[in-house]
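>>> Got a predicted model here, sequence first, then my questions.
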Amino acid sequence: MKKEEILERVAPCSLMCHTCSAYEKGVICESSRKLLKYMDGVKEFYEKHNPQEVESHEIFMKELEKYSGGICSGCRNREHHGCSIEGCFILECTTSHHVDFCGECVSFPCDQTKTLFEEEVYKQWLSGNRAIQKDGIEKFWKQYSDRAHYKAYK
């Protein structure tokens, strides 16, 4: 994958927009839309052959619809509808420092992020940017693009 494509899918903080549930072009939204397509007719099948499953199917379909409707166009896009991290300044900061990621900045790691992120996200930010520093964004993408976005909370 080309660097420009990777930049669309990885936020300047190194977190993966690609695996975020709000990212409209992300794996969660795209998978949900695809699954919705293949679920066409299942409710009617259950109504006829397995009525006790209709209620759980309807709940599942509502969740799929929710996850298929991503509202964010990515952290690098000015129309990203706000980061899930309140008060995030990283796009503006990396832009003003003329870098793609925090880890490429001469001030990395800066103290400003310690108050921005909660502990789980701070650790993810730190390790992601160190990996980008060490190996570059292409290798980082290959290593991290298939990891669950919210695994740090587990």
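Looks like it arrived, so ask away. Numbers count the residues shown, from 1 in each chain.
>>> Give me the residue ranges of the protein where confidence is low.
78-83, 154 (pLDDT under 70).
>>> for it, what spans make up the helices?
Counting by DSSP state H, residue ranges of the helices within the chain are 3-9, 27-38, 42-49, 54-68, 90-96, 112-116, 119-135, 137-144.
>>> so residue 129 makes contact with residue 107?
No. Proximity of residue 129 to residue 107 does not meet the contact threshold set by C-beta atoms under 8 Å, at 11.6 Å. Where you see a C-beta, it was placed from the backbone N, CA and C, and this is true even at glycine.
>>> higher neighbour count, these two?
residue 129 (23 against 11; other C-beta atoms under 10 Å).
>>> What's the separation between that one and residue 116?
As judged by C-beta to C-beta, to the nearest Å, residue 129 and residue 116 stand 13 Å apart.
>>> Chain neighbours aside, what residue packs nearest to residue 108?
Setting aside the residues directly before and after it, residue 108 is nearest to residue 102 in space (C-beta to C-beta, 6 or more residues apart in numbering), at 5.3 Å.
>>> For that neighbour, give me its contacts.
For residue 102, the contact set (C-beta atoms under 8 Å, 6 or more residues apart in numbering) comprises 12, 13, 14, 90, 93, 94, 108, 109, 110, 113, 125, 129.
>>> What sits closest to the most centrally placed residue in the chain if chain neighbours are left out?
By C-alpha atoms, centre = their mean, the mean C-alpha position of the chain lies nearest to residue 20, the distance being 2.2 Å. Leaving aside its sequence neighbours, residue 20 sits nearest to residue 149 (C-beta to C-beta, 6+ apart; 5.2 Å).
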